[in-house]
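**Q** 3D model of this:
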Amino acid sequence: MQIAVTTPTGNVGRHVVAMLVRAGLRPRVLLRDPGRLAPELRDYVDAVRVDQFEADTVVAATEGVDALFWVDPTTGGEDPLADYARATDSVVHAVTDNRIGRVVFQSSVGAEKRHGAGEIDGLAHTETALDKIDVDVTHLRCGYFFTNLELQPDALRAGTLEVILPLDQPMAWVAPRDIAEVAVTRLLSPDWSGHRVRAVHGPADLTWRQVGDILTAATGRRIGVERITDDAMRERLLGAGMTDGLVEAVLGMSTGLREDFVPEQPRTVETTTTTTLAAWAYDHLRHRIADAA
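**A** Numbers count the residues shown, from 1 in each chain. Okay, the predicted model is just below:
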């Protein structure tokens, strides 16, 4: 069985690759810079240089593939949704031209809205496009990644995270490694077909207040959470160098999900994974914050 993996050095993809190797497979990994692969993996995979926004190169790279783990690549452009549409065009052409039988797509909680959730709308477009073609596909509707916290090192060191969601609004939080585990089991399991949606909600829905308390206990340093206005966050993101279009797409992922949003897939045994935020923070943040003190 030939499985191709996109974004193999990403938060989820690197775990997908390692799990497939441990399962005895030799995955084909698609990435812009093969030099970024972990050295210990290079003898166990077939690396192909690919720009996921270029349909022709994706089609060529996936020839002979039986199953595909697809992640829409990140974009720093002015029009992120247009970039997502280009990536969607690539995966649709690859699946149809190469008759790939199975796709596991890394989507997000909120994609079920289809419109009004900022950058998540791009993932919704990929979902609907894959659902229109003859392929067995599972869309993984993932919660908020623990690793997003690593994008705020200065805030963690200062002891205050700034957010625009209500501090008491619960949402699903999940470890990327757990998403990879679900993805790999779907890629390898023969016992499903058709168009499926599988939520990956992590072990618990957490509010930002709870997150602050968990991080404080796990790291040994007080980390508070403050709600700021949309305009204040907009200024922060623009100051960080984001384009106007990207800023609005990023903000929309929060503003689009904060007014009475309820995920389409409920929390069940199937959608609940095991790694807790406390355990992840102890392993990944504690020493980093301590070293900065």
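**Q** ok, the residue lying closest to Leu25 once chain neighbours are set aside - contacts?
**A** The spatially closest residue to Leu25, leaving aside those adjacent along the chain, is Ile3, at 6.2 Å (Cβ to Cβ, 6 or more residues apart in numbering). (Each C-beta comes from the backbone N, C-alpha and C, glycine too.) Taking Cβ atoms under 8 Å, 6 or more residues apart in numbering as the definition of contact, the neighbours of Ile3 are Leu20, Leu25, Pro27, Arg28, Val65, Asp66, Ala67, Leu68, Phe69, Leu187.
**Q** beta partners of Ile3?
**A** When bridges are taken as DSSP bridges, the partners of Ile3 come out as Ala67.
**Q** Leu130 and Phe105 touch, don't they?
**A** Yes: under the criterion of Cβ atoms under 8 Å, Leu130 is in contact with Phe105, at a separation of 6.2 Å.
**Q** okay, and the common contacts of these two?
**A** Both Leu130 and Phe105 are in contact with Val91, Val137, His139, where contact means Cβ under 8 Å, 6+ apart.
**Q** could you dump these into TSV and include neighbour count, pLDDT and distance to Thr272?
**A** Compiled in TSV, the shared contacts of Leu130 and Phe105 are given as follows (neighbours: other Cβ atoms under 10 Å; pLDDT from 0 to 100; distance: Cβ to Cβ, whole Å):
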residue	neighbour count	pLDDT	distance to Thr272
Val91	28	98	28
Val137	25	98	22
His139	25	98	18
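**Q** name the nearest of those residues relative to Asp33.
**A** Of all these, Asp33 sits closest to Val91, with 20.1 Å by Cβ to Cβ.
**Q** surely the closest one touches Val104?
**A** No: at 11.5 Å, Val91 and Val104 do not qualify as touching, with contact defined as Cβ under 8 Å.
**Q** identify the contacts common to the two.
**A** Between them, Val91 and Val104 share the contacting residues Leu68, Trp70, judged by Cβ under 8 Å, 6+ apart.
**Q** contact partners for the spatially closest residue to Cys142 that is not a sequence neighbour?
**A** Leaving out its chain neighbours, the residue that sits closest to Cys142 by Cβ to Cβ, 6+ apart is Val200, at 4.7 Å. Counting by Cβ under 8 Å, 6+ apart, Val200 touches Leu140, Arg141, Cys142, Gly143, Val174, Asp178, Ile179, Val182, Thr271, Thr273.
**Q** go through those and name the one nearest Gly35.
**A** Closest to Gly35, out of all of the contacts of Val200 and judged by Cβ to Cβ, is Ile179, at 25.1 Å.
**Q** which element is that closest one on?
**A** Under DSSP states H and E, the secondary-structure element containing Ile179 is helix 176-188.
**Q** quick revisit: which one of the contacts of Val200 has the most neighbours?
**A** Across the contacts of Val200, the neighbour count under other Cβ atoms under 10 Å reaches its highest value at Val174, namely 29 neighbours.
**Q** that one against Phe146, yeah?
**A** Yes: using Cβ under 8 Å, Val174 makes contact with Phe146 at a distance of 6.9 Å.
**Q** who touches both of the two?
**A** Taking Cβ under 8 Å, 6+ apart as the contact rule, the neighbours common to Val174 and Phe146 are Thr275.
**Q** tell me which element Leu238 is part of?
**A** helix 230-239.
**Q** ok, then the element right after that helix?
**A** Sequence-wise, the next helix or strand downstream of helix 230-239 (DSSP H and E) is helix 244-255.
**Q** can you give me the buried ones in that next one?
**A** In terms of neighbour count (16 or more other Cβ atoms under 10 Å), helix 244-255 has its buried residues at Gly245, Leu246, Val247, Glu248, Ala249, Val250, Leu251, Gly252, Met253, Ser254, Thr255.
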